[in-house]
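> Pasting the sequence and the predicted coordinates here, then a few questions.
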Amino acid sequence: QVQLVESGGGFVEPGGSLRLSCAGSGFPFSERIMRWHRQVPGKARVMVASITFGGDPTIHLDSVKDRFTISRDNYKNMVFLQMNNLKPEDTARYYCSFHHNRNVYWGQGTQVTVSS
């Protein structure tokens with residue numbers, strides 16, 4: 001049974017940092033490109049970052065470049081999103097995911113709220 005469980009979200013003031021974690025199980029984690037997305041109510045889910053099997057990262061969202069970093073630990077079956085210098089516009093629910101055989105697997109998400 002495939003499971004993705006995100007954690008690490010919370011409430012933070014502008015300029016603060018959070019590190020999101022996503023634990024995967026039930027699939028060959030080290031063989032999957034992993035992704036982080038975020039979604040604001042009423043808007044489409046957008047991809048924030050992705051990372052290859054071997055750990056090569058890509059930030060897909062220009063507004064978070066130089067502030068967010070994606071990484072993974074294939075031994076622990078985990079992917080991370082380090083978010084620094086957070087801004088109110090980063091407020092969203094963050095999800096990890098992967099694709100396989102035309103299916104997309106999602107976690108339940110973790111809420112990040114940036115506010116003073």
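Okay, I see it.

> From now on I want contacts and neighbour counts done on CA atoms only, so please keep to that.
OK.

> tell me the helices in the protein, going along the chain?
Using DSSP state H, the chain contains no helices.

> what residues are up against the most centrally placed residue in it?
Residue closest to the mean C-alpha point of the chain, counted by CA atoms, centre = their mean, is Trp36 at 3.0 Å. By CA atoms under 8 Å, 6 or more residues apart in numbering, Trp36 lies in contact with 47-50, 81, 94-97.

> Can I get those residues in CSV including distance to Leu4 and neighbour count?
CSV is the format used below for the contacts of Trp36 (distance: CA to CA, whole Å; neighbours: other CA atoms under 10 Å):
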residue, distance to Leu4, neighbour count
Met47, 16, 18
Val48, 17, 25
Ala49, 16, 23
Ser50, 15, 24
Leu81, 14, 23
Tyr94, 12, 27
Tyr95, 9, 27
Cys96, 7, 30
Ser97, 7, 25
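
> Switch these over to JSON lines; also include pLDDT.
JSON lines is the format used below for the contacts of Trp36 (pLDDT from 0 to 100):
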{"residue": "Met47", "pLDDT": "97"}
{"residue": "Val48", "pLDDT": "98"}
{"residue": "Ala49", "pLDDT": "98"}
{"residue": "Ser50", "pLDDT": "98"}
{"residue": "Leu81", "pLDDT": "98"}
{"residue": "Tyr94", "pLDDT": "98"}
{"residue": "Tyr95", "pLDDT": "98"}
{"residue": "Cys96", "pLDDT": "98"}
{"residue": "Ser97", "pLDDT": "98"}
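
> Those residues into JSON lines, with extra columns for distance to Arg67?
Listed next are the contacts of Trp36 as JSON lines, based on distance: CA to CA, whole Å:
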{"residue": "Met47", "distance to Arg67": "15"}
{"residue": "Val48", "distance to Arg67": "11"}
{"residue": "Ala49", "distance to Arg67": "12"}
{"residue": "Ser50", "distance to Arg67": "15"}
{"residue": "Leu81", "distance to Arg67": "10"}
{"residue": "Tyr94", "distance to Arg67": "15"}
{"residue": "Tyr95", "distance to Arg67": "18"}
{"residue": "Cys96", "distance to Arg67": "18"}
{"residue": "Ser97", "distance to Arg67": "21"}
